[in-house]
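Visitor: no FASTA, just this:
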Ligand SMILES: Nc1ncnc2c1ncn2[C@@H]1O[C@H](COP(=O)(O)OP(=O)(O)O)[C@@H](O)[C@H]1O
Ligand SMILES: [Mg+2]
């Protein structure tokens, strides 16, 4: 069977029965679209150049929810995993990824960092020695970049708390001389902007909603190459592209969800490709419709 439209690793899957293909976990594979590749390249550059500088550059990757921010952070992290030091004396954590906690305080951020470094909660140092403990631990593991995902959670805190958190970020960067990379929605950007000194050092990098065009076509073609279907769907062609963009409302997470639903519709209908009808009939609700449904039920 000619499966050249698929990536090699998707070909075996495409040969399975319909029920096996439906049961198979959705291929959560990294797709390196242009903007994501640029973000990763920028992260590599920061990791290469900034540690040790007096005022390292920071990066703030901003985009709507479900638009691939965490995926970028995790993809980058996979290239810089924790490993034993050369002489095997200690662990090296070149890049530490933590989340801004949902109800953030300075304490909880420190706790998140310690947990991220593998320190069990029972062994977390108590204040006031805590700051020093965290800093010396981060130096010990030779951490060269701190990534904070979900930075927008900061906005759940009161204004004075937000100020404390921004001070903390500034403090960590200054003390450790490492670049900080934050990921968040527009709210994260607004929060960082309230601190002049930080704003100057955070270069924003936007991850906008998708627009129709050849680049979106290439993204869809990449998704198609990992869908377990035996025939070409040509998802990147203009009419299909427009339909997918319109139904998904343009974030990569929604595109992935819509295609997963369309795959199911196609397979259950005995088809080996996703056509426009499958996209239209897919049991999938766009985010605005889901939101409206919930709001109606709350009335
Ligand atoms: N680079 C990518 N390649 C393939 N799928 C992706 C990629 N980025 C995001 N996705 C899909 O979109 C979903 C949401 O992405 P995520 O990174 O969690 O968004 P965010 O952090 O911006 O809210 C993921 O679960 C995955 O299905
Ligand atoms: Mg995320």
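Guide: Okay, I see it. These numbers come from a predicted model, not from an experiment. Ligands and ions are numbered 1, 2, ... in the order given.
Visitor: And the strands in this protein, which stretches?
Guide: Along the chain, counting by DSSP state E, strands occupy 58-62, 83-84, 91-92, 95-99, 145-149, 180-184, 202-206.
Visitor: In the stretch 1-150 of the chain, what residue lies closest to ligand 2?
Guide: Going by CB to the ion, ligand 2 is nearest to residue 70 of the stretch 1-150 of the chain, at 3.2 Å. For every residue, glycine as well, the C-beta is placed using N, CA and C.
Visitor: Identify the bridge partners of the residue of the stretch 151-299 of the chain at minimum distance from ligand 2.
Guide: In the stretch 151-299 of the chain, the residue that lies nearest ligand 2 is residue 183 (6.6 Å; CB to the ion). Per DSSP bridges, residues listed as beta-bridge partners of residue 183: residue 61.
Visitor: re earlier: quick one: residues contacting the residue of the stretch 1-150 of the chain closest to ligand 2.
Guide: By CB atoms under 8 Å, 6 or more residues apart in numbering, residue 70 lies in contact with 149, 183.
Visitor: So what's the predicted local confidence for it?
Guide: We have a pLDDT of 97 for residue 70.
Visitor: what's the spacing between it and ligand 1?
Guide: 3 Å (CB to the nearest ligand atom, to the nearest Å).
Visitor: Kindly report the same for residue 181.
Guide: Between residue 181 and ligand 1 the computed distance is 13 Å (CB to the nearest ligand atom).
Visitor: cool, residue 99 as well?
Guide: Distance, residue 99 to ligand 1, by CB to the nearest ligand atom: 10 Å.
Visitor: shouldn't that residue be in contact with residue 148?
Guide: Yes: contact criterion CB atoms under 8 Å: residue 99 and residue 148 qualify, at 7.2 Å.
Visitor: So for those two, which sits in the more crowded spot?
Guide: Counting neighbours by other CB atoms under 10 Å for residue 99 and for residue 148 shows that residue 148 has the greater number, 26 against 18.
Visitor: next one: the lowest-mean-pLDDT helix or strand in the chain to chain centre, how far?
Guide: None of the helices or strands of the chain scores lower by mean pLDDT, DSSP states H and E than helix 196-201, at a mean of 77. Between the centre of helix 196-201 and the centre of its chain there are 24 Å (CA atoms, centre = their mean, to the nearest Å).
Visitor: which parts of it are buried?
Guide: Residues of helix 196-201 classed as buried: 198, 201 (neighbour count, 16 or more other CB atoms under 10 Å).
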